[in-house]
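Based on what follows, work out the 3D shape:
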Amino acid sequence: MRDIELYRQILGIESPWEVESVRLSIKDGRVDVQLRHKNGIKWECPECGKELSIYDHAEERTWRHLDTCQFQTLIHARVPRVDCNEHGVRQVKVPWAEARSRFTLLMERLVIDVLRETATVEGARRLLNLSWDEVHGVMQRAVKRGRARRKREPKPLIGVDEKSFRKGHKYMTVVCDVAEGTVEHVSVGRSAESLEEYYSSLSAEEREGIEAVAMDMWPAYTGATRKWIPDADEKIVFDRFHVMGHMEKAVDTVRKRENRELSGFGDDTLKGTKWLWLYSGENLPDRLKPALKALRSMKLKVARAWAIKETLRGMWSYLSVGWARKFFKGWYSWAVRSRLKPVKKVAVLVRDHLEGILNYCRCPISNAVAEGLNSRIAAVKLRACGFRNVDNFKTAIYFFCGGLDLYPC
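Prediction:
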């Protein structure tokens, strides 16, 4: 009787359930706890909560519990079923586990904690002596309950970015909450439909509550946003780092071409200077400043391209759209007269997307949060040595980057 009372306390079993027997197997290193319920009890329908008499019992089920005294602990019980007029025959809920789970609530919480610490299914599996499918099942249920618990409320600031899933131009669209720094939605591909999958899941109030959407200049994303979000042209904020990325590529292209020209005359002035030109002025290390100053005094084409690039950064310092537009006109005139084809190409790109860039003055957000999340997602992928199944990858992203309430009640 003492072991029965002990395990009743350990498992937190309360009426109408009770511990019937406890069997210890030293050889197998396990403890089997048999549960039963009292007779004459009314049970609630798991769908509507209506109290009903027992219809029959399901086959005996087994749940893995936390180890006790280093012995694997298993709970066994036959769970009653009720016949509801509205929902039909249903298995009643048990207080120690969630539906369709083979783990007790405490064991499931432990698996989630170990997953968070190890950051891989394989690591958790090894530590807890479970199968890969069992641990992944816990992760899936955790994500499902976490997403179901997420409050349906407007997200004023969101970021949209793409993430490579595997080689061969396989992408995923990731939507994040800029304020919270969490992943809100993941969909396969980077098409308009990929982003529309998120927008269509929102209520009209939630779509109306979006104040700004940070994104790159990918037409599919802008098209989807204009289709679903009211006054989208005033809310789309093209990511400044993405714009400057185009400018940096233009500078590097100018450098490559000029280096080839100079090398033809035996001049290695630009050899090994690639990263020097990609620094922004304020981030240039002190040890490199003399080298850059010397190169700029030589009136090189790449020096002119670098100056145009650095000047463009100033557009994001304005608080007034009017002044920012005036600044752009002067910069654009300089860029298109630079006789540097890559720079002129970027100038036209900026001109064509100017309104979305100037929206930064009204709402100064960028995709820095999304890029940070992309780094975390990349780390999840690296630790798992890649994912063959895109759904498993999505589950991992939500689990580690979704900011969800993952634990069972």
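
Can you report how many residues lie near the nearest residue to Ile210 once chain neighbours are set aside?
Excluding the flanking residues, the one nearest Ile210 by CB to CB, 6 or more residues apart in numbering is Ile229, at 5.7 Å. (Glycine included, C-beta is placed from N, CA and C.) Ile229 has 19 neighbouring residues, counting by other CB atoms under 10 Å.

Just list the residues touching Ile229, thanks.
199, 207, 210, 213, 235 (CB atoms under 8 Å, 6 or more residues apart in numbering).

What pairs with the helix or strand encompassing the fourth one, parallel or antiparallel?
Of the helices and strands defined by DSSP states H and E, Val213 is found in strand 212-215. Each strand that strand 212-215 pairs with, and the sense of that pairing, follows from DSSP bridges: strand 157-166 (parallel), strand 236-238 (parallel).

CA atoms of it as PDB?
Included here for strand 212-215 are C-alpha records, laid out as PDB according to Å, rounded to 0.1, in the frame of the first residue of the first chain:
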ATOM      1  CA  ALA A 212       4.300  49.300 -41.800                       C
ATOM      2  CA  VAL A 213       5.800  46.300 -43.700                       C
ATOM      3  CA  ALA A 214       9.600  46.100 -44.100                       C
ATOM      4  CA  MET A 215      10.700  44.200 -47.200                       C
END
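
where does the very next helix or strand once past that strand sit relative to the chain's centre, distance-wise?
Downstream of strand 212-215, the next assigned helix or strand under DSSP H and E is helix 219-228. Remark: helix 219-228 is offset 21 Å from the chain centroid, using CA atoms, centre = their mean, to the nearest Å.

List the contacts of helix 219-228.
Contacts for helix 219-228 (CB under 8 Å, 6+ apart): 160, 173, 190-196, 199-200, 207, 213, 215, 232-233, 235-236, 356.

Next: stretch 110-126.
Contacts for stretch 110-126 (CB under 8 Å, 6+ apart): 66, 103, 127-128, 130-132, 134-136, 138-139, 142, 379-380, 383-384, 399-400, 406-407.

Mind checking which of those residues land in helices?
Using DSSP state H, the members of the contacts of stretch 110-126 that fall within helices are 127-128, 132, 134-136, 138-139, 142, 379-380, 383, 399-400.

among those residues, which two are most distant?
The two members of the ones in helices among the contacts of stretch 110-126 with the most space between them (CB to CB) are Glu134 and Ala379, at 24.0 Å.

ok, Asp67 - contacts?
Each residue near Asp67 by CB under 8 Å, 6+ apart is listed here: Thr73.

any idea how far it is from Leu106?
Going from Asp67 to Leu106 by CB to CB, to the nearest Å gives 11 Å.

can you check Ala214 too?
41 Å.

Which one's more surrounded, those two?
Shown here are Ala214 and Leu106; by other CB under 10 Å, Ala214 has more neighbours (30 against 16).

My read is that that one contacts Tyr360, right?
No - under the criterion of CB atoms under 8 Å, Ala214 makes no contact with Tyr360, lying 9.0 Å away.

Overlap of the contact sets of those two?
Contacts common to Ala214 and Tyr360, judged by CB under 8 Å, 6+ apart, are 237-238, 366.

Looks to me like Asp252 is in a strand.
No - counting by DSSP: H, G, I helix; E, B strand; the rest coil, Asp252 is located in no strand; its state is helix.

Per-residue pLDDT of Met107, please?
In this model, Met107 is scored at 95, pLDDT.

Leaving out chain neighbours, which residue sits closest to Asn392?
His136 (7.0 Å).

ok, back up a step: for the strands paired with strand 212-215, which one ends up most surrounded?
Of the strands paired with strand 212-215, the one with the most neighbours on average (mean count of other CB atoms under 10 Å) is strand 236-238, at a mean of 24.

Now tell me what touches that strand from outside.
Contacts of strand 236-238 (CB under 8 Å, 6+ apart): 212-217, 222, 225-226, 353, 356-357, 359-360, 363, 365-366.

got the domain boundaries for the chain?
1-96, 157-239+366-401, 241-362 (automatic domain parsing).

Packed most tightly, which of those domains would that be?
By mean count of other CB under 10 Å, those have domain 157-239+366-401 as the most buried, with a mean of 18.

how long is it end to end?
Using CA to CA, to the nearest Å, the end-to-end distance of domain 157-239+366-401 comes out at 17 Å.

go on, stretch 193-212?
20 Å.

for stretch 9-22, same thing?
Termini of stretch 9-22 sit 13 Å apart (CA to CA).

contacts for that stretch?
3-8, 31-38, 41, 65, 68, 75, 77, 94-96, 104.

and the residues you listed, which of them are in strands?
Counting by DSSP state E, those place 31-37, 65, 68, 75, 77 in strands.

Okay, helices next: where are they in the stretch 301-409 of the chain?
301-312, 321-336, 341-352, 354-362, 368-383, 390-401 (DSSP state H, counting those that start in this stretch).

Who's the closest spatial neighbour of Glu134, skipping the chain neighbours?
Closest to Glu134 by CB to CB, 6+ apart is Arg102, at 7.0 Å.

Show me where the protein dips below the pLDDT cut-off.
Residues of the chain that meet the criterion pLDDT under 70 lie in 1, 168-169.

Please name the nearest non-neighbouring residue to the residue positioned nearest the centre of it.
A centroid search over the chain (CA atoms, centre = their mean) returns Val183, at 3.6 Å, as the residue closest to the centre. Nearest residue to Val183, sequence neighbours excluded (CB to CB, 6+ apart): Cys401, at 4.5 Å.
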